[in-house]
Each structure stands twice: as C-alpha cells, then as structure tokens.
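Asks: build the 3D model from these lines:
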Amino acid sequence: MGGKVLRLLRSVLDPRPWLHLVRLVHYYNYSHVAPLRRARIGRDVAMAPNVSFRNGQRIEIGARAHIGARCSLWAGDSHGRVVIGDDALFGPEVFITASNYGTAAGRAVMHQPKSESDVFVGRDVWLGARVVVLPGVEIGDGCVVGAGSTVTRSLPAGSIAVGSPARIVGWRK
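Replies: Okay, the predicted model is just below:
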C-alpha cells in the first residue's frame with residue numbers, strides 16, 4: 001500500500017505533466033481564444049469550441065453561420081481577409097486560408113515571400129467536410145461544395161462543385 005501512495009505522490013509532484021498542461025492552455029489561447037476576440041462575428045453564430053483562427057482581426061463571420069468542428073479560418077498576416085456570409089454552413093475540418101507561400105527555386109519554402117488575397121464565402125453557402133479554400137477565391141451565394149473538395153478558383157452563385165480541384169457539376173434550383 002505504501003508503494004502505491006509513494007508512486008501516486010511522485011506522479012502528482014512531477015513537474016512535466018504540469019508544464020504540458022501550461023503548454024496546452026497557451027496553445028488553446030493562441031489559436032482559439034485570442035484571435036476569436038478580434039474577429040467580427042454576427043449574431044446567432046454557432047461555432048464548435050475547437051475552431052482555429054489566425055489573424056482574427058481580418059476575419060468576418062455573418063449572422064447565423066454554423067462553423068463545424070476543427071475548422072481553420074486563417075487570414076493573412078498583413079492584409080488577406082476571410083469573409084463569410086450570413087447563414088453559411090461549414091462541415092467539420094473545413095480549411096480556409098487567405099495566404100500562401102511562394103515556390104521560387106533557390107530559397108527555402110519557409111523563407112519564400114507570402115502572397116495574400118481575400119477569400120469571400122457568400123450567403124447560404126454549404127462547405128462539406130474537409131473542404132479546402134485557397135487565397136483569392138470567391139464562393140458565390142447559395143453554392144454547395146462537396147466534401148473533400150479543394151476550391152482553387154471562384155465559383156458562381158448557385159453552383160454545386162466537387163473534386164480537387166473543385167469543378168461545377170450542377171446548379172441549385
């Protein structure tokens with residue numbers, strides 16, 4: 001019995017798990033809480049608690065939007081915005097970025113200049129699970145983008161798109 005108590009006491013007093021807890025709290029604040037406070041969020045927005053933001057001051061979410069679990073909304077470091085319209089619906093793990101690295105030869109990718117362009121997601125848009133939206137894309141009002149699609153070009157209002165890269169396969173009536 002004494003050995004079990006001693007092991008428990010050593011475990012509770014070990015600083016490593018406490019340090020890990022501090023790291024987790026810092027990460028959550030860095031990627032969720034602090035940027036969320038800077039974002040402009042409309043009324044009645046439903047958002048999973050694990051949505052990740054970057055540069056929240058350049059993110060706008062319209063009224064009644066629903067942002068699913070583990071979505072990432074990453075605005076650019078200097079000017080690229082992410083603007084989401086009213087009544088948008090995002091499935092889990094949607095990734096939207098307004099910034100991208102260059103790919104010029106002779107320079108490490110991490111040291112390439114970034115290009116930033118605004119991303120606009122219209123009203124009444126449904127992005128299925130794991131959709132990726134790249135910089136400079138405008139998704140028109142009423143669009144539906146199928147799960148797992150990568151949107152590399154703008155989509156007109158009312159279109160239904162799937163694939164990687166996403167291509168239009170139909171229209172909402």
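Asks: what residue is smack in the middle of this protein?
Replies: A centroid search over the chain (Cα atoms, centre = their mean) returns Ser72, at 1.4 Å, as the residue closest to the centre.
Asks: so who does it touch?
Replies: Going by Cβ atoms under 8 Å, 6 or more residues apart in numbering, Ser72 touches Val51, Ser52, Phe53, Arg54, Val94, Phe95, Ile96, Thr97. Using the backbone N, CA and C atoms, a C-beta is placed for each residue, glycine as well.
Asks: which other helices and strands contact the helix or strand containing the third one?
Replies: By that I understand Phe53. Following DSSP states H and E, one finds Phe53 within strand 52-54. Of the remaining helices and strands, those touching strand 52-54 by 3 or more Cβ pairs under 8 Å, 6 or more residues apart in numbering; DSSP states H and E are helix 34-38, strand 72-74.
Asks: mean pLDDT lowest where, among those?
Replies: Of all the helices and strands packed on strand 52-54, the minimum mean pLDDT falls on helix 34-38 (a mean of 76).
Asks: and it, what's buried?
Replies: Buried residues in helix 34-38, counted by 16 or more other Cβ atoms under 10 Å: Pro35, Leu36.
Asks: now the residue nearest to the centre of the chain: how far from Pro156?
Replies: Using Cβ to Cβ, to the nearest Å, we find Ser72 at a distance of 25 Å from Pro156.
Asks: again, but for Gly91
Replies: 21 Å.
Asks: just Leu127 next, same as before
Replies: Counting by Cβ to Cβ, the gap from Leu127 to Pro156 is 16 Å.
Asks: for those two, indicate the residue with more neighbours.
Replies: Leu127 (28 against 15; other Cβ atoms under 10 Å).
Asks: isn't that one right next to Pro92, touching?
Replies: No. Leu127 is not in contact with Pro92 according to Cβ atoms under 8 Å; the separation is 10.3 Å.
Asks: in a strand, that's where Ile160 is, yeah?
Replies: Yes. Ile160 sits within a strand when classified using DSSP: H, G, I helix; E, B strand; the rest coil.
Asks: ignoring the adjacent residues along the chain, who's closest to it?
Replies: Of all residues not flanking Ile160 in the chain, Gly170 sits nearest, at 4.2 Å (Cβ to Cβ, 6 or more residues apart in numbering).
Asks: and the one you found, its phi and psi?
Replies: Reported as degrees, to the nearest 10, the phi and psi values for Gly170 are phi -180, psi -180.
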